[in-house]
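Asker: Sequence below, structure please.
(one chain, ligands or ions: 2)
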Amino acid sequence: MNEDGSRRWIRPKPSAGVWNSRRRVVAYALMLLYLAIPHIQLRGKPLILLDAPRREFTLFGYTFLPTDTLLFMIFLGIVVLLVVSFTALFGRVWCGWGCPQTVWMEYLFRPLERWFEGGRAGSLGIDRGKGHLHPRRVLKYAVYAALAVILANTFLAYFVGVDQLKVWVTQSPVEQPTSFAIMAVTTILVFLDFAYFREQTCTIACPYGRWQSVLLDRASVIVAYDPGRGEPRQKGRDRTGAGDCIDCSACVQTCPTGIDIRDGLQMECIHCTQCIDACDAIMDQVGTPRGLIRYTSREALEGAPQHLLRARTILYPAGLIVLLGIFAWQLSIKSTADVTLLRALDQPFREDADGAISNQVRVRIANRSGEARNYRLAIIGADGGQVIIPVNPFPVAHNATETLSLFVILPKSAFTAGQHEIRLRVDDGAGFDEEFPYQLLGPTGATSRTPPAGPSSTHGAP
Ligand code: SF4
Ligand code: SF4
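Answerer: Numbers count the residues shown, from 1 in each chain. Ligands and ions are numbered 1, 2, ... in the order given. Down below sits the predicted model:
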């Protein structure tokens, strides 16, 4: 914030150095990866596809279906433990090196800004002058908008898949107003993120930065200023009694979140290492050793012995190993098909003219076997009645999920208190052979009546 309460736009000064060179290589590799992942297939499936409307999440060749709640929760637990273990050991390395927000902002959008606006000095001059209406800045925003379209479409491809996205992109907005609206809103959000919110996404919106006080401990690796060596900071040639910090503010000018690392560990620090390069360059100029700002830990700065092995670096990885084991075990016992039984969409049962009670049962089969299968269906417990299965065996393609409606018709006398239990046997002739219980519904008393439709009674494969 400026003194008058207006926003202080941060125009960080670029700092060349070894860390910047390393980060640039990592950043460009990650940009390519980020753009490529929606197009990469593993075992015939997208590498990552988060199909939220269908509640199907494909990760590294495995698709979590709605019936995989336990497996998916374990997977999320593994991700959380990975994050906390990694943070406990290496601090916010992810923020500075791997997060798409940092990578795109610092290695695409900010360099473009400096190029269009005439460097940092040019940007600061535009801030003081015409601001957002300056022709150079307007041109920059036009390029930002074109990039936002590409990034937004890439982002959406993670959720709808590249094939569906191609359909969205090629169809007229009039034909597909909903998909067009999703694409437009996503593009606007991406544009605003990189053109307006910028570092505020990290310092205000991102929850990960706020967890750091919990996730880090005194032995975690952080980017930090060494006050024991740098203080008392002092400008000027007379260094009598002064520390190594010459108070040049190069570390502040280069910081993309606008903080002063000499104030200690701060939530806003994304550990991007730019201040390390800036300060090392100053140290070279004044002839003092590099590393006044460096990767270190609070323990090391205090001169205390460093501990790689400590409670959180033992317990988190131990928990991670346990969860990975449970996950692998669950995968190994996973059935080759998921079967879900659902009630009719309109009314739970129908009373026919001859008094018989008809139940429609929707059988949803997800084929996980890796090849096309034909599933034979049989109803057990419907003696004296009639079973209509329109397609039997029921074919389901490789990795597909299909639904078939079958009908069970029983005399009213078969129902007790409005219920009759049957079992559905599903057999694919290749090893999958399981039975699923299901409650048929009927009239509760002597006088037939149709109860209100309730939630589906479902049974998944174990
Ligand atoms: S203080 Fe240093 S490491 Fe932290 S965000 Fe600023 S420049 Fe990056
Ligand atoms: S860049 Fe180094 S010398 Fe300059 S103010 Fe920052 S810590 Fe001090």
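
Asker: can you list the residues of the stretch 151-300 of the chain near ligand 2?
Answerer: 225, 230, 233, 245-251, 262, 278-279, 282, 292-293 (CB under 6 Å from any ligand atom). (Each C-beta comes from the backbone N, C-alpha and C, glycine too.)

Asker: try it again with 5 Å
Answerer: 245, 246, 248, 250, 251, 279, 282 (CB under 5 Å from any ligand atom).

Asker: Mind giving me the ChimeraX command for buried ones among those?
Answerer: Selecting only the buried entries of these in ChimeraX, with 16 or more other CB atoms under 10 Å as the criterion:
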select :245,246,250,251,279,282
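
Asker: Of the residues of the stretch 151-300 of the chain next to ligand 2, which is the nearest to ligand 1?
Answerer: Ligand 1 has its nearest neighbour among those in residue 251, at 6.4 Å by CB to the nearest ligand atom.

Asker: hang on, the closest one packs against residue 277?
Answerer: No - the criterion here is CB atoms under 8 Å, and residue 251 misses it with residue 277 at 9.4 Å.

Asker: all strands in the stretch 301-450 of the chain, in order from the N-terminus.
Answerer: Using DSSP state E, counting those that start in this stretch, the strands of the stretch 301-450 of the chain run over residues 337-343, 350-351, 357-367, 373-380, 386-388, 394-396, 401-410, 419-427, 433-441.

Asker: Can you lay out those strands as TSV showing mean pLDDT, mean neighbour count and distance to residue 131?
Answerer: Converted to TSV, those look like this (pLDDT from 0 to 100; neighbours: other CB atoms under 10 Å; distance: least, CB to CB, whole Å):
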stretch	mean pLDDT	mean neighbour count	distance to residue 131
strand 337-343	90	20	57
strand 350-351	92	15	69
strand 357-367	93	21	55
strand 373-380	96	18	64
strand 386-388	95	14	72
strand 394-396	95	19	60
strand 401-410	93	18	54
strand 419-427	95	17	67
strand 433-441	94	17	66
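
Asker: Which residue of the protein lies farthest from its centroid?
Answerer: residue 354 (55.6 Å; CA atoms, centre = their mean).

Asker: contacting residues around whichever strand or helix holds residue 200?
Answerer: Residue 200 belongs to helix 199-200 when assigned by DSSP states H and E. The contact list for helix 199-200 (CB atoms under 8 Å, 6 or more residues apart in numbering) reads 10, 105, 256, 257, 258, 268.

Asker: what's the closest of the residues you listed to ligand 2?
Answerer: The closest of the contacts of helix 199-200, once distances to ligand 2 are taken by CB to the nearest ligand atom, is residue 258, at 13.9 Å.

Asker: Apart from its neighbours in sequence, what residue is nearest that closest one?
Answerer: Spatially, and ignoring its direct neighbours in sequence, residue 258 is nearest to residue 10 (4.3 Å; CB to CB, 6 or more residues apart in numbering).

Asker: could I get the strands of the stretch 301-450 of the chain as JSON lines with distance to ligand 2?
Answerer: Output for these, formatted as JSON lines (distance: least, CB to the nearest ligand atom, whole Å):
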{"stretch": "strand 337-343", "distance to ligand 2": "58"}
{"stretch": "strand 350-351", "distance to ligand 2": "79"}
{"stretch": "strand 357-367", "distance to ligand 2": "58"}
{"stretch": "strand 373-380", "distance to ligand 2": "66"}
{"stretch": "strand 386-388", "distance to ligand 2": "80"}
{"stretch": "strand 394-396", "distance to ligand 2": "64"}
{"stretch": "strand 401-410", "distance to ligand 2": "58"}
{"stretch": "strand 419-427", "distance to ligand 2": "69"}
{"stretch": "strand 433-441", "distance to ligand 2": "67"}
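
Asker: and the contacts of helix 199-200, which two are the farthest apart?
Answerer: 105 and 268 (14.3 Å; CB to CB).

Asker: So the nearest residue to residue 157 once chain neighbours are set aside, which state does it fall into?
Answerer: Residue nearest to residue 157 in three dimensions, not counting chain neighbours: residue 38, with 3.6 Å by CB to CB, 6+ apart. Per DSSP: H, G, I helix; E, B strand; the rest coil, the local secondary structure of residue 38 is helix.

Asker: can you pull out the helices in the stretch 251-400 of the chain?
Answerer: Secondary structure of the stretch 251-400 of the chain by DSSP state H, counting those that start in this stretch: the helices cover 274-286, 298-301, 311-332.

Asker: And the residue farthest from the centre of the chain, how far from residue 385?
Answerer: 12 Å (CB to CB, to the nearest Å).

Asker: So which bits of the chain are right by ligand 1?
Answerer: 223, 255, 257, 261, 269, 270, 271, 272, 274, 275.

Asker: and the closest residue to residue 385 other than its chain neighbours, what does it touch?
Answerer: Using CB to CB, 6+ apart and skipping residues adjacent in sequence, the residue nearest residue 385 is residue 410, 3.8 Å away. Residue 410 sits next to 356, 357, 359, 382, 384, 385, 420, 440, 442 when contact means CB under 8 Å, 6+ apart.

Asker: And the first one, its phi and psi?
Answerer: For residue 356, the backbone dihedrals are phi -70, psi 150 (criterion: degrees, to the nearest 10).

Asker: was I right about it contacting residue 413?
Answerer: No - Residue 356 sits out of contact with residue 413 when judged by CB under 8 Å, with a separation of 10.1 Å.
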